[in-house]
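Asker: below is the sequence, then the predicted model.
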Amino acid sequence: MVKLSEKEKAAHKAAFKAMSPAEKAEHIFTYHKWTILLVLLVLLITGSIIHRQLTQKKPVLYLAVINTSFGEDVEKSLTEGFLVEAGFDVRRQEVYLYRDLYLSEDADTLNHEYAYASKVKLEGAITAEKLDLVLMNREAYDIFSRQGYLMELTSLPDALSPYITENEVILSDNSVDYLLGNAAEEQIVTEVVPNSLAVSSLPLFRDAGFNGDLYIGIVSNSPRQEEAAAYYRYIFGY
């Protein structure tokens, strides 16, 4: 880069001062446009990060809704309603909702990819400990229970006893070894445990027009079990 003499610098300053405002703007953009664009880009990225930090809500609970759907009013009751009742700040906290999930062991060709994508998403959420509660129909409940994904319910209030449901949990399964010829016979060991609550009869779901049985369970590796228990209390209104 050629260094200008003091005389040349003074001449450039004088020439710049003599320009009209439009000419000055054109001159600045022509010789400094990359610097201007870089500054604007940095400001844009910084502003975006700050805005996201200020507006992003922190999940209090993660709730998955499987093989069922509901309207806006029920969704608000399942999310904001709980936050308000439990004393959380709805502006900064949320119940994170996994919607439109489908699980089936008998999915046809049309729904197979949808069921597989839902399964992968749920397994990823469980592994990342970002799933606490599951609201599901009977088919999804059977699948979740057999896989051992649901926490066994052992110390619930007496008022909830009529709603407790039991289901099979697979303890050991040598089906793969049997199919590969590495085992003489197929052996699947299961036990029946209480791991969900039936909620179809509750006003929140009954009045919303849900079809069939509906269950809610706590995911066994949830790190937010106290909040999940508070959600149970909210759903059942005590």
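Answerer: On my side now, so go ahead. Numbers count the residues shown, from 1 in each chain.

Asker: residue contacts, R92?
Answerer: K57, K58 (C-beta atoms under 8 Å, 6 or more residues apart in numbering). Glycine gets a C-beta too; all of them are placed from N, C-alpha and C.

Asker: and it, what are its phi and psi?
Answerer: With angles defined as degrees, to the nearest 10, R92 sits at phi -120, psi -10.

Asker: over to K130?
Answerer: Residue torsions, per degrees, to the nearest 10, at K130 are phi -120, psi 40.

Asker: same question, T190
Answerer: Dihedral angles (degrees, to the nearest 10) for T190: phi -130, psi 160.

Asker: beta-bridge partners for it, please?
Answerer: I170 (DSSP bridges).

Asker: next up, the contacts around it.
Answerer: So T190 contacts R146, E168, V169, I170, L171 (C-beta under 8 Å, 6+ apart).

Asker: do the same with K121
Answerer: Going by C-beta under 8 Å, 6+ apart, the list of residues near K121 reads Y98, L101.

Asker: how about the host helix or strand of it: buried residues?
Answerer: Take DSSP states H and E as the rule and K121 turns out to sit in helix 109-127. Within helix 109-127, the residues scored as buried using 16 or more other C-beta atoms under 10 Å are A115, S118, K119, L122, A125, I126.

Asker: again with stretch 148-164
Answerer: Those would be Y149, L150, M151, L153, L156, Y163, for stretch 148-164 by 16+ other C-beta under 10 Å.

Asker: and what of stretch 137-148?
Answerer: N137, R138, E139, A140, Y141, D142, I143, F144, S145, R146.

Asker: including secondary structure, distance to L103 and pLDDT, could those go into JSON lines?
Answerer: Listed next are the buried residues of stretch 137-148 as JSON lines, based on DSSP: H, G, I helix; E, B strand; the rest coil; distance: C-beta to C-beta, whole Å; pLDDT from 0 to 100:
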{"residue": "N137", "secondary structure": "coil", "distance to L103": "9", "pLDDT": "94"}
{"residue": "R138", "secondary structure": "helix", "distance to L103": "11", "pLDDT": "94"}
{"residue": "E139", "secondary structure": "helix", "distance to L103": "7", "pLDDT": "94"}
{"residue": "A140", "secondary structure": "helix", "distance to L103": "5", "pLDDT": "95"}
{"residue": "Y141", "secondary structure": "helix", "distance to L103": "10", "pLDDT": "96"}
{"residue": "D142", "secondary structure": "helix", "distance to L103": "9", "pLDDT": "95"}
{"residue": "I143", "secondary structure": "helix", "distance to L103": "5", "pLDDT": "94"}
{"residue": "F144", "secondary structure": "helix", "distance to L103": "8", "pLDDT": "94"}
{"residue": "S145", "secondary structure": "helix", "distance to L103": "12", "pLDDT": "95"}
{"residue": "R146", "secondary structure": "helix", "distance to L103": "11", "pLDDT": "93"}
